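1. Sequence plus the predicted model coming up.
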Amino acid sequence: MRYVRTSSLKRLFSFRRQSFDGELPKPCDFNQEEVAATRKPTWKCFSFQEIFHATNGFNSENIVGRGGYASVYRGILENGEAIAVKMLTKANDDERKEKEFLTEIGTLGHVCHPNVTSLLGCCIENGLYIIFQFSSKGSVASILHDEKSPTMDWETRYKIAVGTAKGLYYLHKLCPRRIIHRDIKASNILLSEEYEPQISDFGLAKWLPSQWTHHSIVPIEGTFGHLAPEYFMHGVVDEKTDVFAFGVFCLELISGKKPVDNSYQSLHSWAKPLLRRGVIEEVVDPMLQGTFDSTQLHKLAFAAALCIRASSIWRPTMSETKTQVQYN
Ligand SMILES: Nc1ncnc2c1ncn2[C@@H]1O[C@H](COP(=O)(O)OP(=O)(O)O)[C@@H](O)[C@H]1O
Ligand SMILES: [Mg+2]
């Protein structure tokens, strides 16, 4: 087997056996929705034959996304289920990407929440493949930043912010292990048929042991414009890294702007003085033509302003952020 080292695989499958053993959060600590979110995930090994047929022989017409090291294909299983197959490409000369791929399987194998992409399984024949449930509306980036797509309405943007906050809260607090995603951004938030957001792309995700306050990481990876200052300056990673990126993501939803514009100005440094002066309407996407719920906008903008604070200790947790963005 060329791609996957035996030790990595053993670790992966032992993770599966261990999952949730003795480490479940106490149900009494959470509400019903949160307890439901801790259901045990299930996944399986697919044969190469199955995914080859599903993707029509990895037909280029089925490609729905392409990164530096992976191509994602749409497919249909024999039972009619729509899947996405992420195929590691160019693995021969980059072991780090292979590790990211295994990290993604290992992490997603433990999680199960409506706002986190569902891992259906993996395939280790003829390469390395991860199989997900297909998110039919693509990524938030592909809708929000595609000039050819109709303008995303306010209701959908708000729903995406609330769902993403719930998904991140789950990763940080409800999972048996603390998971830091490290690459929260619009192209990694996928959308179901009903525009329910699903956090995806766990290649950079880190598990933090509960006794550690943070983790120091080299090299710095992630996406410019979303990186928290303490992370890109000192490599410090903890939940607040994701909180910062979530704040930038909320600004993307509110403004329709990309995290970094053509003149390399970051969205958060552009929006910060406007939010501080309380002129929130100036941040709002003009394409919305004033059609937004003002209370929801103010809640979201306030949450974003707190999340993008330069000092991580002044940023809220995802539990506080989720409460802040939700509007009853
Ligand atoms: N489950 C899925 N359903 C639909 N499209 C997907 C799915 N997973 C990935 N994609 C598409 O492929 C793109 C790249 O996937 P991603 O996992 O982010 O890979 P990369 O590590 O290359 O960024 C996404 O932005 C999205 O457009
Ligand atoms: Mg991605």
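-> Ah, there it is. Residues are numbered from 1 along each chain as shown. Ligands and ions are numbered 1, 2, ... in the order given.

2. Sketch out the low-pLDDT regions of the stretch 201-328 of the chain for me.
-> For the stretch 201-328 of the chain, applying pLDDT under 70 flags the ranges 327-328.

3. need the helices for it, in chain order.
-> 229-234, 239-255, 267-277, 294-307, 318-325 (DSSP state H, counting those that start in this stretch).

4. The second one near ligand 1 at all?
-> No: Helix 239-255 is not in contact with ligand 1 by CB under 6 Å from any ligand atom; minimum separation 13.9 Å. To be clear about C-beta, it is placed using only N, CA and C from the backbone, and glycine gets the same treatment.

5. neighbours of E281, just the number please.
-> 12 (other CB atoms under 10 Å).

6. one step back: could you dump the helices of the stretch 201-328 of the chain to JSON lines with distance to R74 and mean neighbour count?
-> Converted to JSON lines, those look like this (distance: least, CB to CB, whole Å; neighbours: other CB atoms under 10 Å):
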{"stretch": "helix 229-234", "distance to R74": "33", "mean neighbour count": "16"}
{"stretch": "helix 239-255", "distance to R74": "25", "mean neighbour count": "26"}
{"stretch": "helix 267-277", "distance to R74": "30", "mean neighbour count": "17"}
{"stretch": "helix 294-307", "distance to R74": "32", "mean neighbour count": "20"}
{"stretch": "helix 318-325", "distance to R74": "31", "mean neighbour count": "19"}
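
7. wait, which of these is closest to N59?
-> helix 239-255 (32.2 Å; CB to CB).

8. what packs against that closest one?
-> Here helix 239-255 touches helix 140-144, helix 154-169, strand 178-180, helix 229-234, helix 267-277, helix 294-307, helix 318-325, going by 3 or more CB pairs under 8 Å, 6 or more residues apart in numbering; DSSP states H and E.

9. And for stretch 210-229, what's in contact with it?
-> Stretch 210-229 has contacts (CB atoms under 8 Å, 6 or more residues apart in numbering) with 177-178, 180, 182-185, 204, 206, 208, 231-232, 234-238, 240-241, 243-245, 248-249, 258-260, 266-268, 310, 312.

10. and it, does that touch ligand 1?
-> No: contact between stretch 210-229 and ligand 1 is absent, the nearest approach being 9.6 Å (criterion: CB under 6 Å from any ligand atom).

11. Distance from the chain centre to that stretch, please.
-> Counting by CA atoms, centre = their mean, to the nearest Å, stretch 210-229 is centred 15 Å from the centre of its parent chain.

12. That one: end-to-end distance?
-> 23 Å (CA to CA, to the nearest Å).

13. May I ask you to confirm that M318 is in contact with G167?
-> No: if you go by CB atoms under 8 Å, M318 and G167 don't touch, sitting 9.2 Å apart.

14. pLDDT score assigned to E100?
-> Predicted confidence (pLDDT) for E100: 84.

15. check contacts around it.
-> Contacts of E100 by CB under 8 Å, 6+ apart are Y69, G203, L204.

16. Now the second one: closest residue in space that isn't a chain neighbour?
-> Okay, so that is G203. Computed as CB to CB, 6 or more residues apart in numbering, the closest residue to G203 that is not its neighbour in sequence is E100, at 3.7 Å.

17. what does the last one give?
-> Nearest residue to L204 in three dimensions, chain neighbours excluded: R182, at 4.1 Å (CB to CB, 6+ apart).

18. now that neighbour: how far from P273?
-> 28 Å (CB to CB, to the nearest Å).

19. And the contacts of E100, which is closest to ligand 2?
-> G203 (7.5 Å; CB to the ion).

20. and that closest one, what is it in contact with?
-> K97, E100, F101, T103, E104, D183.

21. hmm, 10 Å instead?
-> Each residue near G203 by CB atoms under 10 Å, 6 or more residues apart in numbering is listed here: 67, 69-70, 86, 96-97, 99-104, 107, 130, 181-183, 188, 221.

22. same thing with R178?
-> Here R178 is in contact with L171, H172, K206, W207, L208, P209, S210, W212, H215, D238, E239 (CB under 10 Å, 6+ apart).

23. do the same with Y169
-> Applying CB under 10 Å, 6+ apart to Y169 gives the contacts 34, 37, 113, 115, 239, 246, 317-323.

24. let's go with 8 Å and repeat that
-> Counted by CB under 8 Å, 6+ apart, Y169 has contacts M318, S319, T321, K322.

25. now those residues in JSON lines, with distance to ligand 1?
-> Formatted as JSON lines, the contacts of Y169 follow (distance: CB to the nearest ligand atom, whole Å):
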{"residue": "M318", "distance to ligand 1": "21"}
{"residue": "S319", "distance to ligand 1": "26"}
{"residue": "T321", "distance to ligand 1": "23"}
{"residue": "K322", "distance to ligand 1": "23"}
